[in-house]
Each structure stands twice: as structure tokens, then as C-alpha cells.
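Sharing a model that was predicted from the sequence below.
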2 protein chains.
Amino acid sequence: MKATAKAHTNIALIKYWGKRDDTLILPTNNSLSLTLDGFYTTTTVSFRQELKQDVFYLNDEAVTGAAFDRVTVFLDLVRSMAEKPDLFAEIKSTNEVPTAAGFASSASGFAALAAAAARAIGLDLSKSELSQLTRQGSGSACRSIYGGFAEWEQGENKDGSDSYAVQVAPQNHWDIRVAAVVLSDKTKRISSREGMKRTVDTSPFFDGWIGSIPSDLKRIKEGIAARDFTVVGEIAEANCLRMHATTLGAAPPFMYWLDGTVTVMQAVQAMRSEGIPAYFTIDAGPNVKVLYLPENEDVVLQKLRHIPGVQNVTSSKPGQGITYL
Amino acid sequence: MKATAKAHTNIALIKYWGKRDDTLILPTNNSLSLTLDGFYTTTTVSFRQELKQDVFYLNDEAVTGAAFDRVTVFLDLVRSMAEKPDLFAEIKSTNEVPTAAGFASSASGFAALAAAAARAIGLDLSKSELSQLTRQGSGSACRSIYGGFAEWEQGENKDGSDSYAVQVAPQNHWDIRVAAVVLSDKTKRISSREGMKRTVDTSPFFDGWIGSIPSDLKRIKEGIAARDFTVVGEIAEANCLRMHATTLGAAPPFMYWLDGTVTVMQAVQAMRSEGIPAYFTIDAGPNVKVLYLPENEDVVLQKLRHIPGVQNVTSSKPGQGITYL
């Protein structure tokens, strides 16, 4: 009744932006990501008869409040699947997703939790079943089941039974790199959950966003298959700009960017004009992730680290999917 | 055969962004502007039998090349309307639209040119006829025929005969102020003409942009009538963000903002959170215009001038329409 799993975070090249079901976490569009070697969570789940409720330790500290509630509500799903509603667990997680890297830890966190909990309670899930379960903890986490490139298929069923990720290309298919560029964030942010909801409900650009996804997905998958960095970079950058554009149209409008975000965006575009292939992508926050090729690592990281306002730059290679320890 | 006219530039609160006819300059949406007292052009046109071609002096310097061609092509329209195809003119313009204020001078320039040329050649045009003529020199110039608030009605006719501006409220209706905030611009810009075209042709957000205009227009006109600064400011700011969002969706995407643009936008939003009503609007470039009320002039201008990267801040009151000197 005990298992340990390790999962890596991922960066979306085609963004998940919009839900059609808030409870089941069903998206309004397919998304596509690269799993990253550098940032991961390791989680041990032990189900024990003597426990009267779940207990959750993150980096050796007991967690309570909303973060605990989200974990225990997720474990209720696992218990329900295993038909063991009264079996509680001790969860011990270690996060190697430094806040300073500007990634949310929910993707690696829920992927590791789902994998460890399912195995510990005796469920024998396929990867797509595990992805589907993981999705209900954190949407983008469902892509972290796989190494390399993964696509979250939005599905059509109301119960979410066909909404899960599949692998597009494995970790060793193509060595492209991602630099996480962290800026100071003094502004109060709108969570991605709230931002998505406001966008779906009020932005006149939402239909245009959804309409643009199928051709982007088709082309980026062709680009990944052919290892064509220009195609993959251009589509990822354009897709990110479109996602952020939808928020500018919302009522009231909102924006995740800081001035430094624009500085980094323009620095990346300047690298391209100097002949260094590099492209940016930005999630629901001010930090920027920069895609580049291994042979340009030194120059790209050096340039990024010299941009005024940049606090930290951390680079990563493609990562692997779920592993059991 | 000689007349002198003075016209002021205007700032759009509902943006003109998209053409349905490039030659006649017919827009895809209505726009609404405030004419500004601080920035104007004075133009004298003298038609003379002895001239073999037009001659154009801007600020006492003879103009040649593309700028001259645009003026003489426009005067061909005036000659055609007056049925005097072989009568050429001397044009003398003085611009009080400093480049440092970040306004294009084409709005005041073509409004003054149209008014002076039409009067000099003996055409007796109504204001809407003059606006329609002016539109064919520079689209947004057609709003500068009027003082105060003006709306450019896009019209439906293929020949543009119903595409001209009308007055929404006169200059003395409401004293709101506009600060032109100029940033250094080191990037190569995409002209508004080219940017509009790429947006219309490629942006998946263009339909959403067009669809959002009617309710914005209705509400901002109600706000102007009621002198409700919150309504007018919120709509103007949201409309500007939507216009810029369309460019992020274009293929390839483009952006008029610099990092400093975002700094000023966030400074304006910070003023509001401190209780100072102020709103921004941005045209097809990096500079920001800030709307505020007269009683807050000192604090708003002081705060804007202290933003790092701001080169110049120039303020203006509502201006009058065409005057003949």
C-alpha cells in the first residue's frame, strides 16, 4: 500500500486556455507541451488502515488549508476508483521546482501524486487512464505523465473519459532547450483559473483563439516530427501571443505581462535578428520561457542573464515521464 | 483663389483599425475621437493660373518625394470636384504638432489642407462633405473637421459617400485632458497602414474586434453625454487594449509596445488604485496618451514625468474644429 513516483513539470507550446467544465477540468482546446528534465516532484503515498484522515507533508512540512484540501479531494477520486472510500494516506512530497524558476509546481505535483497514489492503492492504470485521473487534479499535469512532447486531447465526452494526454515524441527524439527567465513580480496576479474563466466568459477574441488551434497543432506536430526548430519556435511564440491577446479583450481587461516581460520578448526577437534561433513562450504570469538549441546555450543564457530586471535564468533539457522509485 | 485654414489633431477613444477599401480609405468600423487644442496645423492654399504644378512648403521648407505626392494626389480630388483639373496651387503649411509629442501630423495636416483647398478653389462644402473629402487624404483626419468629440461613421456605400465624421459633443461640452507621454523608440515600427492590413488579412481576432465596437460606441456616447469620466475612460482603455490584441494574433504577430509602454500603462492603473481617475489609450506606436480630469492635472503630469524612460509629457485640452483665418 505504498508507492513512490517522480514526475517532471512541462511547458506548453500550444497553451491550455479555457475550460468547458470547471469541476472535471475539461478544456476547450487541445494543448501540447514539452516535459522538462530540470524541474520535478517526488511523492510517496502510503495508505494505512490506522489513519483517520490524510496527512500531507511538502518538503518535510505539514500542509493544511486550501492546498491540503485540494490533495485530499483528489485522493477521494483515487479511493473511489479503488472502491476503498475509508482508506486514508500519508503523502510525502519533495519539490524540485524552485519558485524562483517561475514554474507552477502543480503539474509535476499532481502527476507524481496521481501516479504514486494509484499504484499504492493497487490500481493498475494505463498511461491514458493515469493521465485522465491526473487531469482532475490539475489540468496541465495530465501532460506530465509522458516524457518529451505530449498532447492533451480535449475530448468530447461530458464525463471527460476521452480527455487525456498522449505522447507526441519521446524525450530522446530531439534535444531542444528551455530557459526559464524570472522577473520580479510586484503586481498582484490573476490566477490562471480565474483568468481563463474571465476570458471564456467575456473576451470577444475567445472564438478566434479556439479557431486558431487546429492548424497550429497540426503544423507544430509536423515541425516536431521533422525537428524543424523554426516551425516549432514560430508557432509556439505566436500561440503564446494569441493566448495573452485574449486577456486584453476580456471585461475588465487584464494582462499578465510586466515591462520586463516585454524587454525579454524583444531581446529574444533581437537574438533572432542576429542569427541566433530563439523563441519565447509565456504562461499566465510575467515570466518568460525561451526555447533554443543546445549549440547556442552559452550565448543565449549569457544574453538573457544580462537583461536588466532579470532575476534568475534556469535552463532545462527535455525530461522523462513518470518514473516509479 | 486663396484661403487659410487651421485644424487640430485628434486622439481616438474608439480606434479606427481596419480598412474595407484602401484607395477610398473606407473603414471596417466606426471610430470616435477627441480633438485636441494643443496640436494643430495651419495651411494656406493659393491656386494660381501661372503654376505648372503644385508646390508645397512645410514649415518654410519645400517638400518633395512621397509626402509631396500624397498632397498633390489629394489636390487632384479637389480640382476634380471643382472641375478645374489644370489649376495648380502653392501650399504653405505650419505644423504645431511636435514630433516629440508623439502624434502623427497627418490628421491635422489633411484636415487643414482639405479645408483651405476647398475654400480657395471655390467649393462650398458642408462639414460632412468636407469630412468626406478629408477622409480620402488621411482616414483619421476626417474627425478633425469638428471640435470636441466626433464620430467617424463608417458608412455602407461602396463609393464612400456616407463615410464621414459627425460631431458628438462640442469643445465646450466637457473639459477633460489628454497627456501625450513620449518614450524613446528604438525599434523599427510597422506603419498603421501596414499593421491594419496585416490584421484584417490574418488575425483570428479581427471579427471579435469588429463585433465589440457597437456596444462600446453606444456606451461611450452615453458616457460623454453624461460627462461620466469612469465610463469614458474604461471604454477607451479597453478599446485600445483590444485594438493592440488584434496585432498579437496576426501572422506574423507584431506589437507596437515597448517595455516603457507597459510601465506607463501600469503607472496609470496604479494612479487609479490610489484614487486618481486616469486612463490610457495607445495608437499604432509605443507612446501613451493619458486621459485625466483638470483637477488632477498637477499630480497626473508630475507622476507621468517621473516614470523612468519617459522623455516628454505634453498636455492638451479639448480643441476646436476647422477655423478659417
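All right, it came through fine.

Going by neighbour count, list what's buried in the helix or strand hosting residue A:212.
Per DSSP states H and E, residue A:212 falls inside helix A:206-225. Buried residues in helix A:206-225, counted by 16 or more other Cβ atoms under 10 Å in any protein chain shown: A:206, A:208-210, A:212-213, A:216-217, A:220-221, A:223-224. Using the backbone N, CA and C atoms, a C-beta is placed for each residue, glycine as well.

overlap between these and the residues near chain B?
A:206, A:208-209, A:212 (Cβ under 8 Å from any Cβ of the partner chain).

Identify the farthest-apart pair in those residues.
Spanning the widest gap among these are A:206 and A:212, at 10.9 Å by Cβ to Cβ.

Kindly report the domain assignment for chain A.
A:2-173, A:177-316 (automatic domain parsing).

Pipe those into JSON lines and attach mean pLDDT per row.
Listed next are the domains of chain A as JSON lines, based on pLDDT from 0 to 100:
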{"stretch": "domain A:2-173", "mean pLDDT": "96"}
{"stretch": "domain A:177-316", "mean pLDDT": "95"}
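
Compare those domains and give me the one nearest residue B:105.
domain A:177-316 (27.3 Å).

Can you give me the end-to-end span of that closest one?
Terminal residues of domain A:177-316 are spaced 6 Å apart (Cα to Cα, to the nearest Å).

Near chain B, which residues of the stretch 201-325 of chain A? Just list them.
By Cβ under 8 Å from any Cβ, the residues of the stretch 201-325 of chain A that approach chain B are A:203-209, A:211-212, A:234, A:237-238, A:241-242, A:244-246, A:248-249, A:251-253, A:255, A:257-263, A:265-266.

hang on, the earlier thing: just the CA atoms of the helix holding residue A:212, as PDB, please.
Output in PDB follows, covering the C-alpha atoms of helix A:206-225 (Å, rounded to 0.1, in the frame of the first residue of the first chain):
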ATOM      1  CA  PHE A 206     -12.100  33.600 -27.500                       C
ATOM      2  CA  ASP A 207     -13.700  32.200 -30.600                       C
ATOM      3  CA  GLY A 208     -10.700  33.400 -32.700                       C
ATOM      4  CA  TRP A 209      -8.300  31.700 -30.200                       C
ATOM      5  CA  ILE A 210     -10.100  28.400 -30.400                       C
ATOM      6  CA  GLY A 211     -10.400  28.600 -34.200                       C
ATOM      7  CA  SER A 212      -6.600  29.100 -34.500                       C
ATOM      8  CA  ILE A 213      -5.600  25.900 -32.500                       C
ATOM      9  CA  PRO A 214      -6.200  23.100 -35.000                       C
ATOM     10  CA  SER A 215      -3.800  24.400 -37.700                       C
ATOM     11  CA  ASP A 216      -1.200  25.400 -35.100                       C
ATOM     12  CA  LEU A 217      -1.300  21.900 -33.600                       C
ATOM     13  CA  LYS A 218      -1.000  20.200 -37.000                       C
ATOM     14  CA  ARG A 219       1.900  22.300 -38.000                       C
ATOM     15  CA  ILE A 220       3.800  22.100 -34.700                       C
ATOM     16  CA  LYS A 221       3.500  18.300 -34.700                       C
ATOM     17  CA  GLU A 222       4.900  18.200 -38.200                       C
ATOM     18  CA  GLY A 223       7.700  20.500 -37.000                       C
ATOM     19  CA  ILE A 224       8.400  18.300 -34.000                       C
ATOM     20  CA  ALA A 225       8.500  15.200 -36.300                       C
END
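
how about the helices of the stretch 201-325 of chain A, start to end?
A:206-225, A:229-248, A:259-273, A:297-305 (DSSP state H, counting those that start in this stretch).

show me the contacts for the spatially closest residue to residue A:300 that is not a sequence neighbour.
Of all residues not flanking residue A:300 in the chain, residue A:292 sits nearest, at 4.4 Å (Cβ to Cβ, 6 or more residues apart in numbering or on different chains). Residues counted as contacts of residue A:292 (Cβ atoms under 8 Å, 6 or more residues apart in numbering or on different chains) are A:176-179, A:276-279, A:300.

Quick check: bridge partners of residue A:292?
With DSSP bridges as the criterion, residue A:292 is bridged to residue A:177, residue A:278.

What's the end-to-end length of stretch A:158-171?
Terminal-residue distance, stretch A:158-171 (Cα to Cα): 32 Å.

Need the contact partners of that stretch.
For stretch A:158-171, the surrounding residues in contact (Cβ under 8 Å, 6+ apart) are A:21, A:24-27, A:32, A:35, A:37, A:127-129, A:131-132, A:135-136, A:142-143, A:145-157, A:221, A:224-225, A:318-321.

from those, which would you call buried?
Using 16+ other Cβ under 10 Å, the buried ones in the contacts of stretch A:158-171 are A:24-27, A:32, A:35, A:37, A:127-129, A:131-132, A:135-136, A:142-143, A:145-155, A:221, A:224, A:318-321.

Restricted to helices, list the residues you listed.
Judged by DSSP state H, the buried ones among the contacts of stretch A:158-171 include A:127-129, A:131-132, A:135, A:221, A:224 as members of helices.

The residue of chain A positioned farthest from its centre and residue A:3, how far apart?
Residue farthest from the centre of chain A, counting by Cα atoms, centre = their mean, is residue A:50 at 35.0 Å. Note on residue A:50: its distance to residue A:3, by Cβ to Cβ, to the nearest Å, is 18 Å.
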